[in-house]
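Trainee: Here is a sequence with its predicted model. Questions after.
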Amino acid sequence: MIGTWAQIGYLVAAVCFIVALKALSSPKTARTGNALGAAGAVLAVIITFAAYKPDNLVPILIALVIGTVGGVVGSRRVQMTHMPQLVALFNGVGGGAASLVALMELGEVHDGETIAAIATAFTIVVGAISFSGSIVTFAKLQELMTTRPITFPGLPVLFVAGLLGGVAVSVWLVSEPRVLVGVLLCLLGLAVGVMLVLPVGGADVPIVISLLNAFTGLTVAAGGYVLGNTLLLVAGTLVGAAGTLLTKMMADAMGRSVFNILFGAVRGGSTLGAGTVSERPVISGSAEDVAILLGYAHRVIIVPGYGLAVAQAQHTLRDLVEELQGRGVKVDYAIHPVAGRMPGHMNVLLAEAQVPYEQLREMDDINGDFKQADVVLVVGANDVVNPAARTTPSAPIYGMPILNADEAQRVIFLKRSMRPGFAGIENELLYDPRTTLLFGDARESLGKLLTSVKTV
Amino acid sequence: MTESIALLTIFVLAAFVGVEVISKVSATLHTPLMSGANAIHGVILVGAIIVTGQAESVPVVIVGLLAVVLATVNMVGGFVVTDRMLEMFRGPGGAKKELRK
């Protein structure tokens, strides 16, 4: 067993993690907290080398370097818009690592240690679920596959069969801890993970990432139990518990239940407007028309969305806002909590573009102002202003609080095409007679608007 | 058996701490918090090192090394990504500080 000094070192690392998590819940302390967490992790790794004196030292160090380079390069290079899928990917590989560790431990489970065997089975299967589920969420966010819920008639049966199979094989594994049984359990977990995430629609994917994150935490905790390592146990449990609560908070922020998010599509075929871009007429205008609406308004509210960030049009938007303010127009940005691909993502994206923080107004703060707004300018957003969230119980986003853009006098959408938003549903507001559409790339459109506003 | 109970006690207490430390967080910070928690569970790296360090057969060592690589990516990448996100959360005061430098 390892020495007392190592145990105490692990305790210090665990405290670092607890303080880091605590600090992450306030913007003032978050960055320091994160650094403290990283310091705790480095300490934990150093203690492990010193206390366990592992064989295969050189290969392990090489693997560490490869992983570090991969992690740093991946996270430095990625664009802010792609952050959520990277988080999903990191979570997935963590789950995969936990699953592999438990598989390797299988040979070492002593007879009679039933609880350890149960924990091993748990780590293998849930780690595998987290791995494959995260890969599917990655594919959805990266739009490598459709962001719509995917269901097929046999899916619920297959899913339940996978779950029951997982329980059965776990029992088998506990009574007969053999590596082959473990591999079978791992494969079952992979299949269940895929089936769990396929039916989840684009807008709900972040919540699933959070849930899988909590899963990985619990597998790490179980791994800690198996290895008798208190640090893994504490850190994993912390993440498991915090992640579960965070998942619930995110779901609450969207006005949904976690159960509904996971299984809504399976239960009720809620794919409103799936595949049908309707032929109904819309009113589209030129940049000049829109510029007149904006230039002579008293009050304008801007709803920025993911499309704005993708087009890197934040700077042009800021110029347009300054031009409007120069003409005496009162302008605000309305930020929906789940604008972008993840809760809080839009704040990150706009902050990166140095949009003045004090102009960004949260949903609850600004929702009462839309009635007085002459014009709402929606740039690259769709789901967060979709009235279906209020009116259509069958819609996947039903119940999600939205920005009340439909209460304004006029609505302008800057859109690339009539393609539905990330949630894959049509927006009735697009067909409203008060709505004008300006088609094109957000940056080009905003550039044209800026030129036109200067001349009106 | 006492050791099992001790571990179970730690588990239950840590669960309460986990819920308690994030019980009040604004939606703005949901993503960095998720990402930070993600980095912390990368500490499975410790487990990967321990198990690989005890492994004797070549296939097991290879699987172990794969686990070490994955866990390191999770941990290092997780902390770096979280830091990059939090860097964006400089308030107006923070931005000014940057200018003064």
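Mentor: Cool, got the structure.
Trainee: Whichever residue of the stretch 151-300 of chain A sits closest to chain B: which element?
Mentor: Nearest to chain B in the stretch 151-300 of chain A, going by C-beta to the nearest C-beta, is residue A:241, at a distance of 2.9 Å. (Each C-beta comes from the backbone N, C-alpha and C, glycine too.) Applying DSSP states H and E as the criterion places residue A:241 in helix A:230-253.
Trainee: Mind checking the pLDDT average for that helix?
Mentor: Across helix A:230-253, the average pLDDT comes to 93.
Trainee: What helices and strands are in contact with it?
Mentor: Judged by 3 or more C-beta pairs under 8 Å, 6 or more residues apart in numbering or on different chains; DSSP states H and E, the packing partners of helix A:230-253 are helix A:4-23, helix A:205-227, helix A:258-268, helix B:2-21, helix B:30-41, helix B:44-54.
Trainee: what residue ranges in the chain score low on pLDDT?
Mentor: Just going to use chain A. Residues of chain A meeting the criterion pLDDT under 70: A:1, A:108-112, A:266-279.
Trainee: I was after chain B.
Mentor: B:1, B:90-101.
Trainee: so who does the residue most central in space within it touch?
Mentor: The residue lying closest to the centre of chain B (C-alpha atoms, centre = their mean) is residue B:40, at 1.0 Å. Shown here is residue B:40, whose contacts under the criterion C-beta atoms under 8 Å, 6 or more residues apart in numbering or on different chains are A:17, A:20-21, A:37, A:41, A:217, A:235, A:238-239, B:78.
Trainee: And the residues you listed, which of them are buried?
Mentor: Buried members of those, scored by 16 or more other C-beta atoms under 10 Å in any protein chain shown, are A:17, A:20-21, A:37, A:41, A:217, A:235, A:238-239, B:78.
Trainee: Show me which positions of the longest helix belonging to chain B end up buried.
Mentor: Identified as the longest helix of chain B according to DSSP state H is helix B:58-87. Buried positions in helix B:58-87, judged by neighbour count with 16+ other C-beta under 10 Å: B:60-61, B:63-86.
Trainee: near chain A, which of the residues you listed show up?
Mentor: When contact is defined as C-beta under 8 Å from any C-beta of the partner chain, these meet chain A at B:60-61, B:63-86.
Trainee: what's the first-to-last distance across stretch A:377-395?
Mentor: One end of stretch A:377-395 sits 24 Å from the other (C-alpha to C-alpha, to the nearest Å).
Trainee: now it, how far from the centre of its chain.
Mentor: With C-alpha atoms, centre = their mean, to the nearest Å as the basis, stretch A:377-395 stands 19 Å off its chain's centre.
Trainee: Please apply the same query to stretch A:435-455.
Mentor: For stretch A:435-455, the distance to the chain centre is 30 Å (C-alpha atoms, centre = their mean).
Trainee: tell me the contacts of the residue in chain B positioned nearest to chain A?
Mentor: In chain B, the residue that lies nearest chain A is residue B:53 (2.1 Å; C-beta to the nearest C-beta). Counting by C-beta under 8 Å, 6+ apart, residue B:53 touches A:52-57, A:60.
Trainee: Look up how far residue A:45 lies from residue A:61.
Mentor: 11 Å (C-beta to C-beta, to the nearest Å).
Trainee: Who has more neighbours out of these two?
Mentor: Under the criterion of other C-beta atoms under 10 Å in any protein chain shown, the comparison of residue A:61 against residue A:45 puts residue A:45 first, with 18 against 14.
Trainee: And chain B, is whichever strand or helix holds the more buried one touching that?
Mentor: In this assignment (DSSP H and E), residue A:45 forms part of helix A:30-52. Yes - using C-beta under 8 Å from any C-beta, helix A:30-52 reaches chain B at A:30-31, A:33-35, A:37-38, A:41, A:44-45, A:48-49, A:52.
Trainee: Residue A:54 - that's part of a strand, no?
Mentor: No - judged by DSSP: H, G, I helix; E, B strand; the rest coil, residue A:54 forms no part of a strand; its state is coil.
Trainee: Now do it against residue A:13, distance only.
Mentor: 18 Å.
Trainee: Have a look at those two and say which one is more surrounded.
Mentor: With neighbours defined as other C-beta under 10 Å, residue A:54 and residue A:13 compare such that residue A:13 has more, 26 against 19.
Trainee: unless I'm mixing things up, that one is touching residue A:36, no?
Mentor: No - at 10.4 Å, residue A:13 does not count as touching residue A:36 under the criterion of C-beta atoms under 8 Å.
Trainee: State the number of residues packed around residue B:16.
Mentor: 11.
Trainee: now do residue A:391
Mentor: Residue A:391 has 11 nearby residues by other C-beta under 10 Å.
Trainee: what's the answer for residue B:50, then?
Mentor: Number of residues near residue B:50 (other C-beta under 10 Å) recorded here: 25.
Trainee: sorry, back to before: got the angle between the helix holding residue A:45 and helix B:58-87?
Mentor: 160 degrees (axes from the mean of the first three to the mean of the last three C-alpha atoms, to 10 degrees).
Trainee: which secondary structure elements does helix A:30-52 contact?
Mentor: Looks like helix A:30-52 contacts helix A:4-23, helix B:30-41, helix B:44-54, helix B:58-87 (3+ C-beta pairs under 8 Å, 6+ apart).
Trainee: Any idea how far the longest helix of chain B is from the middle of the chain?
Mentor: What separates the centre of helix B:58-87 from the centre of its chain is 10 Å, taken as C-alpha atoms, centre = their mean.
Trainee: what does stretch A:2-11 give?
Mentor: Relative to its parent chain, stretch A:2-11 has a centroid offset of 36 Å by C-alpha atoms, centre = their mean.
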